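Visitor: Any chance you could fold what I've pasted below:
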Amino acid sequence: MDWKLLGAVFGTVFIAELGDKTQLATLLFAADREVNKWLVFIGASLALIATSALGVLGGTLIAQHVSERMLNTIAGTGFIVIGIWTLMR
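Guide: Residues are numbered from 1 along each chain as shown. Below is the predicted model of the structure:
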């Protein structure tokens, strides 16, 4: 098992998910006193697993047609454009 890759993926997704709308929605569900907290946890976990599976499947399919270098270029450029757009707003 590649522990370095596992740690990098975990750390990246963990930081990306903190404080986003998914985290806030989960917090709001859990704040309800009448709601079973374990069901909120299980539901949120299953949703994250499902979206992660879609991401892996999508990445696998795209990688069959586009080179890794091109994907890195597209992703990097996209993040830079979003950053500049965010700063200019």
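Visitor: Now the most far-flung residue of the chain relative to its centre. Its backbone dihedrals?
Guide: The outermost residue of the chain relative to its centre, with distances by CA atoms, centre = their mean, is residue 34 at 28.8 Å. Dihedral pair for residue 34: phi -90, psi 0, per degrees, to the nearest 10.
Visitor: what's the distance between it and residue 40?
Guide: Separation of residue 34 from residue 40 (CB to CB, to the nearest Å) stands at 11 Å. Backbone N, C-alpha and C define where each C-beta goes, glycine included.
Visitor: Same question for residue 89.
Guide: Counting by CB to CB - residue 89 and residue 40 are separated by 33 Å.
Visitor: just residue 80 next, same as before
Guide: From residue 80 to residue 40 the distance is 36 Å (CB to CB).
Visitor: just residue 81 next, same as before
Guide: In terms of CB to CB, residue 81 sits 35 Å off from residue 40.
Visitor: Same drill for the two, tell me which one is more crowded.
Guide: residue 40 (18 against 10; other CB atoms under 10 Å).
Visitor: which secondary structure elements does the helix or strand hosting residue 56 contact?
Guide: Secondary-structure assignment from DSSP states H and E places residue 56 in helix 37-63. The contact analysis (3 or more CB pairs under 8 Å, 6 or more residues apart in numbering; DSSP states H and E) places helix 37-63 against helix 21-31.
Visitor: related to what we said a few turns ago, retrieve the pLDDT associated with the residue farthest from the centre of the chain.
Guide: In this prediction, residue 34 carries a pLDDT score of 94.
Visitor: next one: the one 4 residues further on
Guide: In this prediction, residue 38 carries a pLDDT score of 97.
Visitor: mind checking how far it is from residue 79?
Guide: Distance from residue 38 to residue 79, by CB to CB: 36 Å.
Visitor: With residue 68 instead?
Guide: Residue 68 is 16 Å from residue 79, by CB to CB.
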